[in-house]
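Participant: Turn this into a structure:
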Amino acid sequence: GYTPNSKTAADNIIDLSGTTTETPRHSGFTLDKVTEFIVNDVTIRGGSTTLELTNSSATATLNRVIFSDNTLAINNVNGTVTLNNVDIKSGTAEVPNNITNDDKLFINDSTISSSVISSLTGVVKSSGTNSIAVIENDGSFELNGQDTVTTSFTNTGTLKTADKTTIALLTNSNTVNTAGTTEITTVTNSGTISTTDTNTFGNVTNSGTISTTDTNTITTLSNSGTVTLGGSQDKITNLTNAKINSGDVATITSNGTSEITNLTNSNLVYLHGTDVVTTVVNNTGTIETTNSTEFTTVNNDTTGIINTTGTATFKDIANKGTITLNNTNSITGNVTENGILNINTETTTLTGHIFGTQQVNITAIIDISDNGTLDIENSNIAAKYQDKIVFDYGLAKFRADKYSKDIFMLRSDFDQTDDGRLLRCLQALLLSQ
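Facilitator: Below you'll find the model as predicted:
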């Protein structure tokens, strides 16, 4: 063990710099036997490899140690290294000052401004509060403390998080399991990611498998693999689901409670939970609902298919493809474009308008309430309702027969915000005078 007289690491320096061009740097400590090595309150600088372990029974415990300007700070080939309040400074391309690990590494309350590179046989566990610039993991890595990875985490092994984890960039091709509170700015996944507890992701590109539980927030998700949303509160702002190659299948499945603001789909989306979709930006694939789904605006393209077997609510639909309503459905806005609308259930309620360009196939009498209208010039609609219409006396005929004052249709360009609504009210007051 080594404990200098001064208690400040910056005042106690082990300088491994060489004095000649032939030997610009010296190696430090090599633990190749059964050794218990303890160093406290010191700065180690200027070396080649400052600490190397090559014996499975060798242990190195570093307390309040600073590593600076070393070719390799720690090389753990075989043994156990524990870092307590250790500060490993950033390096350069020529002098990286990294940690390489092939065995056991424990990181506690430390700052590593260089890289931790852990191999297939490496096991790394953290506790306390840690900041690590770069991690390359091919083995087992557990972030059990309040950990921040400031630059990137490349995972070809197994990553587990347990407390509070923040990662700037995660590239995963193997296995990630998150627990606790996890925040990741950018994710590229070709492996498997499973989430529990509370997770916040920025931009996610997925060609592998993602499954969620509990609470998850994703800003942008581009999926060409498989995503299963099983959380009690999954929120996705922008979701694009599209296969990359012709033989691939891109699938989004919701089994929990999901809120999707903008959905663009060209493959398969299954909404089996309680789902709110604000805008289907464009659907050229298949969307199926089986439980409770609320759509605000839907743009269904020519190849798009939407099937509902649960409870579905639609506001405005621009339908060029095929929409089939099989259970309890409500349409509160307008159905436009020239697609196919199949209504196969009497529990469909229409308070909006279905225009005649739709090919409407009705196998059940639907509930037309409030201001809902069907265009009976559509032959399919007329055939279904010809023995149900008592008298066709629309507003235009009502006015033509002088039962109504002249009607002028005016439109305001003000939006639906609070200020816009106020201005609309002012316009109405002025025009009514």
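Participant: distance between the ends of stretch 99-112?
Facilitator: Taking C-alpha to C-alpha, to the nearest Å, stretch 99-112 runs 9 Å from one end to the other.
Participant: what's the following helix or strand after the lengthiest strand in the chain?
Facilitator: If you go by DSSP state E, the chain has its longest strand at strand 49-68. Downstream of strand 49-68, the first helix or strand assigned by DSSP states H and E is strand 72-84.
Participant: what's that following strand packed up against?
Facilitator: Packing partners of strand 72-84 (3 or more C-beta pairs under 8 Å, 6 or more residues apart in numbering; DSSP states H and E): strand 49-68, strand 98-101, strand 104-108. C-beta here means a position set from N, CA and C on the backbone, and glycine is covered the same way.
Participant: so which of these comes closest to T171?
Facilitator: Smallest distance to T171 across those (C-beta to C-beta): 18.1 Å, for strand 98-101.
Participant: Would you format the helices and strands packed on strand 72-84 as TSV with distance to S224 and mean neighbour count included?
Facilitator: TSV is the format used below for the helices and strands packed on strand 72-84 (distance: least, C-beta to C-beta, whole Å; neighbours: other C-beta atoms under 10 Å):
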stretch	distance to S224	mean neighbour count
strand 49-68	42	21
strand 98-101	33	24
strand 104-108	35	21
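Participant: Take those strands and write them to TSV, including distance to V187 and mean pLDDT.
Facilitator: Shown next, in TSV, are those (distance: least, C-beta to C-beta, whole Å; pLDDT from 0 to 100):
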stretch	distance to V187	mean pLDDT
strand 49-68	30	97
strand 98-101	24	98
strand 104-108	23	98
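Participant: Can you lay out those strands as CSV showing distance to G256?
Facilitator: Shown next, in CSV, are the helices and strands packed on strand 72-84 (distance: least, C-beta to C-beta, whole Å):
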stretch, distance to G256
strand 49-68, 45
strand 98-101, 38
strand 104-108, 35
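Participant: before we move on, back to that, what pairs with the longest strand of the chain, and is each one parallel or antiparallel?
Facilitator: Here strand 49-68 is paired, per DSSP bridges, with strand 29-31 (parallel), strand 36-45 (parallel), strand 72-84 (parallel), strand 87-88 (parallel).
Participant: Looking at those strands, which is nearest to Q233?
Facilitator: Closest to Q233 of the strands paired with strand 49-68, according to C-beta to C-beta: strand 72-84, at 37.1 Å.
Participant: tilt between the closest one and strand 104-108?
Facilitator: Orientation of strand 72-84 against strand 104-108 (axes from the mean of the first three to the mean of the last three C-alpha atoms, to 10 degrees) gives an angle of 60 degrees.
Participant: how about strand 72-84 as PDB, C-alpha atoms only?
Facilitator: Taking C-alpha atoms only, strand 72-84 is exported to PDB below (Å, rounded to 0.1, in the frame of the first residue of the first chain):
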ATOM      1  CA  LEU A  72      -2.700   3.500 -20.700                       C
ATOM      2  CA  ALA A  73      -4.000   4.300 -17.300                       C
ATOM      3  CA  ILE A  74      -5.100   0.800 -16.200                       C
ATOM      4  CA  ASN A  75      -4.800  -2.500 -18.000                       C
ATOM      5  CA  ASN A  76      -6.700  -5.200 -16.100                       C
ATOM      6  CA  VAL A  77      -5.900  -8.500 -17.900                       C
ATOM      7  CA  ASN A  78      -6.700 -10.700 -14.900                       C
ATOM      8  CA  GLY A  79      -7.600  -9.400 -11.500                       C
ATOM      9  CA  THR A  80      -9.900  -7.000  -9.600                       C
ATOM     10  CA  VAL A  81      -9.700  -3.200  -9.800                       C
ATOM     11  CA  THR A  82     -11.700  -0.900  -7.500                       C
ATOM     12  CA  LEU A  83     -11.800   2.900  -8.200                       C
ATOM     13  CA  ASN A  84     -13.000   5.100  -5.300                       C
END
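Participant: right, and the helices and strands packed on strand 72-84 - which one's nearest N130?
Facilitator: Nearest of those to N130, taken as C-beta to C-beta: strand 104-108 at 5.5 Å.
Participant: The closest one - contacts with which helices or strands?
Facilitator: strand 72-84, strand 111-118, strand 123-127, strand 129-137.
Participant: V204 pairs with what?
Facilitator: Applying DSSP bridges to V204, the residues it is bridged with are V187, L221.
Participant: heads up, I number from 11, so please use that
Facilitator: Sure, I'll start numbering at 11, so the last one becomes V214.
Participant: Would you map the strands across the stretch 311-443 of the chain?
Facilitator: 315-318, 321-324, 326-329, 332-335, 339-341, 344-346, 350-353, 358-360, 363-364, 369-372, 377-378, 383-384 (DSSP state E, counting those that start in this stretch).
Participant: would you list the ones you listed in JSON lines and tack on mean pLDDT, distance to D157 and mean neighbour count?
Facilitator: Listed next are those as JSON lines, based on pLDDT from 0 to 100; distance: least, C-beta to C-beta, whole Å; neighbours: other C-beta atoms under 10 Å:
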{"stretch": "strand 315-318", "mean pLDDT": "96", "distance to D157": "43", "mean neighbour count": "21"}
{"stretch": "strand 321-324", "mean pLDDT": "93", "distance to D157": "43", "mean neighbour count": "21"}
{"stretch": "strand 326-329", "mean pLDDT": "94", "distance to D157": "46", "mean neighbour count": "21"}
{"stretch": "strand 332-335", "mean pLDDT": "94", "distance to D157": "48", "mean neighbour count": "22"}
{"stretch": "strand 339-341", "mean pLDDT": "89", "distance to D157": "48", "mean neighbour count": "23"}
{"stretch": "strand 344-346", "mean pLDDT": "88", "distance to D157": "51", "mean neighbour count": "18"}
{"stretch": "strand 350-353", "mean pLDDT": "89", "distance to D157": "53", "mean neighbour count": "20"}
{"stretch": "strand 358-360", "mean pLDDT": "82", "distance to D157": "52", "mean neighbour count": "20"}
{"stretch": "strand 363-364", "mean pLDDT": "81", "distance to D157": "56", "mean neighbour count": "20"}
{"stretch": "strand 369-372", "mean pLDDT": "77", "distance to D157": "57", "mean neighbour count": "18"}
{"stretch": "strand 377-378", "mean pLDDT": "63", "distance to D157": "56", "mean neighbour count": "14"}
{"stretch": "strand 383-384", "mean pLDDT": "62", "distance to D157": "60", "mean neighbour count": "19"}
